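Student: Fold the following and give me the result.
(chains A and B)
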Amino acid sequence: MTRERPQLERDALGLGLRVPHYGSLLDHGPEVGYVEIISENFLGDAAPPRRHLDLVRERYPIVLHGVGLNLLGHEPLSSAYLDRLCWLAEYVDAPFVSDHLCWTGGQGLSHHDLLPVPYVDDLIGVAAERAAFVQRQLGRPFGLENLSTYVEFESSTMPEWQFYSAVVEQAGCWFMLDVNNIYVSSQNHGFSSHSYLDAIDFSRVLQVHIAGHSREADGTIIDTHDRAVADDVWRLYAEVWQKSGPFPTLLEWDERIPPLPELLAELEKAAQVRA
Amino acid sequence: MIRTPLERANGSLRVAHESYDESLTQIALASERLGSNARLALYNRQYWFRLFTLFHGAFPLTTRLLSHFTFNGYVSCFLVARPPRHWDSEAMLAGFDEFLQQALPAGTTPIEGQRASIDTLAVLEAVRIDSAFHRVFRAPAFEAFQPSGEHAAQLPTSRLIASPATAVLEEHWPLCELRPQIMLEGGEAARALPPRLEAARHWLLLRPENRLALLPLEPREARLLRLLSGLSVECALAQLEQECPAEKRASLPEATQRWLARSVALGIWVGLEMG
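Tutor: Below you'll find the predicted structure:
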């Protein structure tokens, strides 16, 4: 008998699954709509992470979020990486998978960071073709996340949102829209976050990410994921929800992770902000 | 663009403003707040923060014995020579323990910025312990080998294959006891090395039910397990007997029976390599 793939409610609230919360999540089974795992943490054969994954997937739908696809790298996509990703997606029966519209390495080296590209016409086709290929291989929806960035390129001929939208449309894939990243980048580069959001076709948004950020002494904002969501980001999220909701929403918190009740309280703010 | 990041004069990560080639700064746009150099430097700092954090996680004991700053210095030398080349961040850790064996000075290792030093042998022992914990945790699941009557004839001339989810540890300082304390504590300054033990201690590190556990071993038991991993059973027993002082040989057969039975019961063997 074929098991039906878990579906997420369109207004589902989810948490990024992190090691400090395995115990609490499995012992207390809080009501969250789904969890998101960082794909790379589970692509290997290590038994303890696999065991935790097995326990979590008995209770919650699991979506995958990757950082290693290197969609816009010079080299071809890694078939070894893609095979493992497809295996993992099948293993947890993920409703969808996402990664970033970025490059992560080149010339045989990996930067282990999410790096921006110039937004030029020539790259739209490359990105779209690769994203479409990945989606076909996965056999399920594939979303591309917008980055938070600290540099823009002299050679860009269009704004980020135009590039992003063109890639998603041409690929027939989805937006994995990070509202905090839009805010961070808009502050760092001086563009309007509303201009960005106006360009997004929300009927093709798989999920929205929210997260905390930090502000440096010089005013630069860094996407640290190490604290509560800033008020300005909540305001942006509320506007987006009113205009274009519903969509699944996931809270990312990766550093200085608080106890689970505090995380859940932060996630609950999303529900309150929507109301 | 990747530079070693440590400002040895003040024991900190290098300050924000770096100078990069015109070929790089011409590509990146300056913003109202930050020039191109500063924006590129931000990515450089993120790169190092991310990689240092990975190494701290994999070698927590070594990190704190040396202090974060001193440890980071060795990590940066290692990574400048062997930059990451794989999407799997685990791959960049390979070879670091061998590198430290070559890189650490004989005698004592200076702790930078603290006018102190630590016995290099203790640091090397810490690296071995950290590496073992990391390897055992990340090992895949294996089914334990249970010798039966049909193996009786081949057993003496065969080699027992140890599970990668086990390790035999030897320590001359109470580092296995210190490690979990350090992991709970946090902090970046060098942790004082506890006094050297009067006699070496031995442990079996294993992973029952996917949780790490340390079991004390008698010295000769530890030696037997090490010998069994490299020699046939009969050669390992012969070697152990040869090393055993004459006055202790009478009790050796009973002890080795007990230790062998225990090792099988603990599931530390996963197969037999026929002689």
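Student: going forward, measure contacts between C-alpha atoms and count neighbours the same way
Tutor: Will do.
Student: residues from the stretch 101-250 of chain A in reach of chain B?
Tutor: A:108-113, A:150-155, A:188-189, A:218-220 (C-alpha under 8 Å from any C-alpha of the partner chain).
Student: same thing but at 10 Å, please
Tutor: Applying C-alpha under 10 Å from any C-alpha of the partner chain, we find that the stretch 101-250 of chain A lies next to chain B at A:104-115, A:118, A:149-156, A:188-190, A:218-220, A:222.
Student: Take those residues and keep only those in helices.
Tutor: Residues of these located in helices (DSSP state H): A:188-189.
Student: List only buried entries from the residues of the stretch 101-250 of chain A next to chain B.
Tutor: A:104-105, A:110-115, A:118, A:149-153, A:156, A:188-189, A:220, A:222 (16 or more other C-alpha atoms under 10 Å in any protein chain shown).
Student: Output stretch A:15-22 as PDB - backbone C-alpha positions only.
Tutor: These are the backbone C-alpha positions of stretch A:15-22, laid out as PDB (Å, rounded to 0.1, in the frame of the first residue of the first chain):
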ATOM      1  CA  LEU A  15      10.400  24.800  13.700                       C
ATOM      2  CA  GLY A  16      13.900  24.300  12.600                       C
ATOM      3  CA  LEU A  17      14.900  21.000  14.200                       C
ATOM      4  CA  ARG A  18      18.100  21.400  16.200                       C
ATOM      5  CA  VAL A  19      20.100  19.000  18.400                       C
ATOM      6  CA  PRO A  20      19.300  20.700  21.800                       C
ATOM      7  CA  HIS A  21      15.600  20.000  21.300                       C
ATOM      8  CA  TYR A  22      15.600  16.400  20.300                       C
END
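Student: what's the offset of that stretch from the middle of its chain?
Tutor: Averaging C-alpha positions (C-alpha atoms, centre = their mean, to the nearest Å) puts stretch A:15-22 16 Å from its chain's average.
Student: Can you tell me what sits against it?
Tutor: A:25, A:27, A:32-38, A:49, A:52-53, A:55-56, A:62-65, A:209, A:249-255, A:257-260, A:263-264, A:267 (C-alpha atoms under 10 Å, 6 or more residues apart in numbering or on different chains).
Student: Strands along chain A, start to end?
Tutor: A:13-16, A:34-38, A:62-65, A:97-100, A:103-106, A:109-115, A:142-145, A:174-178, A:205-211, A:214-215, A:221-222, A:249-252 (DSSP state E).
Student: how about JSON lines for those strands, with mean pLDDT and distance to residue A:133 added?
Tutor: Converted to JSON lines, the strands of chain A look like this (pLDDT from 0 to 100; distance: least, C-alpha to C-alpha, whole Å):
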{"stretch": "strand A:13-16", "mean pLDDT": "96", "distance to residue A:133": "26"}
{"stretch": "strand A:34-38", "mean pLDDT": "97", "distance to residue A:133": "21"}
{"stretch": "strand A:62-65", "mean pLDDT": "98", "distance to residue A:133": "17"}
{"stretch": "strand A:97-100", "mean pLDDT": "98", "distance to residue A:133": "13"}
{"stretch": "strand A:103-106", "mean pLDDT": "93", "distance to residue A:133": "17"}
{"stretch": "strand A:109-115", "mean pLDDT": "92", "distance to residue A:133": "20"}
{"stretch": "strand A:142-145", "mean pLDDT": "98", "distance to residue A:133": "10"}
{"stretch": "strand A:174-178", "mean pLDDT": "97", "distance to residue A:133": "13"}
{"stretch": "strand A:205-211", "mean pLDDT": "96", "distance to residue A:133": "18"}
{"stretch": "strand A:214-215", "mean pLDDT": "94", "distance to residue A:133": "36"}
{"stretch": "strand A:221-222", "mean pLDDT": "92", "distance to residue A:133": "32"}
{"stretch": "strand A:249-252", "mean pLDDT": "97", "distance to residue A:133": "26"}
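Student: Please name the bridge partners of the closest residue to chain B within the stretch 151-275 of chain A.
Tutor: Nearest residue of the stretch 151-275 of chain A to chain B: residue A:153, at 4.7 Å (C-alpha to the nearest C-alpha). Beta-bridge partners recorded for residue A:153 (DSSP bridges): residue B:28.
Student: Looks like it contacts residue B:40 (just checking).
Tutor: No. With contact defined as C-alpha atoms under 10 Å, residue A:153 does not count as touching residue B:40 (11.4 Å).
Student: Buried ones from the contacts of stretch A:15-22, can you make that a PyMOL selection?
Tutor: Under the burial definition 16+ other C-alpha under 10 Å, those of the contacts of stretch A:15-22 that qualify are selected in PyMOL by:
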select buried, chain A and resi 25+32+33+34+35+36+37+38+49+52+53+56+62+63+64+65+209+249+250+251+252+253+254+257+258+260+263+264+267
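Student: Would you confirm that residue B:232 contacts residue B:226?
Tutor: No. If you go by C-alpha under 10 Å, residue B:232 and residue B:226 don't touch, sitting 11.4 Å apart.
Student: For residue 190, list the residues it contacts.
Tutor: Answering for chain A, as no chain was given. By C-alpha under 10 Å, 6+ apart, the neighbours of residue A:190 are A:184, B:31-32.
Student: my bad, chain B
Tutor: By C-alpha under 10 Å, 6+ apart, the contact list for residue B:190 reads B:62-71, B:111-114, B:116-118.
Student: taking those residues one by one, which sit in strands?
Tutor: Per DSSP E, the subset of the contacts of residue B:190 in strands is B:111, B:116-118.
Student: Include neighbour count and pLDDT when you put those into a markdown table, please.
Tutor: What follows is the ones in strands among the contacts of residue B:190, written out as a markdown table (neighbours: other C-alpha atoms under 10 Å in any protein chain shown; pLDDT from 0 to 100):
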| residue | neighbour count | pLDDT |
| --- | --- | --- |
| B:111 | 19 | 93 |
| B:116 | 13 | 91 |
| B:117 | 17 | 94 |
| B:118 | 18 | 96 |
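Student: returning to what we had before: quick one: pLDDT of the residue of the stretch 151-275 of chain A closest to chain B?
Tutor: At residue A:153, the model reports a pLDDT of 92.
Student: cool, and residue B:104?
Tutor: Looking at residue B:104, its pLDDT is 97.
Student: so it sits right up against residue B:122, yeah?
Tutor: No. With contact defined as C-alpha under 10 Å, residue B:104 does not reach residue B:122; the gap is 11.1 Å.
Student: More neighbours: these two, which one.
Tutor: Legend: neighbour count by other C-alpha atoms under 10 Å in any protein chain shown for residue B:104 and residue B:122, higher for residue B:122 (22 against 16).
Student: In contact with the more buried one, which residues?
Tutor: Residues near residue B:122 by C-alpha under 10 Å, 6+ apart: B:62, B:65, B:108-109, B:128, B:171-175, B:193-194, B:196.
Student: do residue B:222 as well
Tutor: Counting by C-alpha under 10 Å, 6+ apart, residue B:222 has contacts B:167-170, B:201-204, B:216, B:228, B:259.
Student: from the contacts of residue B:122, which ones fall inside strands?
Tutor: B:108-109, B:171.
Student: List only buried entries from those residues.
Tutor: Among these, those classed as buried by 16+ other C-alpha under 10 Å are B:109, B:171.
Student: how about TSV for the ones in strands among the contacts of residue B:122, with pLDDT and distance to chain A added?
Tutor: Below are those laid out as TSV (pLDDT from 0 to 100; distance: C-alpha to the nearest C-alpha, whole Å):
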residue	pLDDT	distance to chain A
B:108	95	34
B:109	96	30
B:171	98	26
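Student: If we only consider the ones in strands among the contacts of residue B:122, which is nearest to residue B:241?
Tutor: Top of the list for closeness to residue B:241, among those and by C-alpha to C-alpha, is residue B:171 at 23.2 Å.
Student: How about the contacts made by the closest one?
Tutor: So residue B:171 contacts B:122, B:125-126, B:128-129, B:196-197, B:199-203 (C-alpha under 10 Å, 6+ apart).
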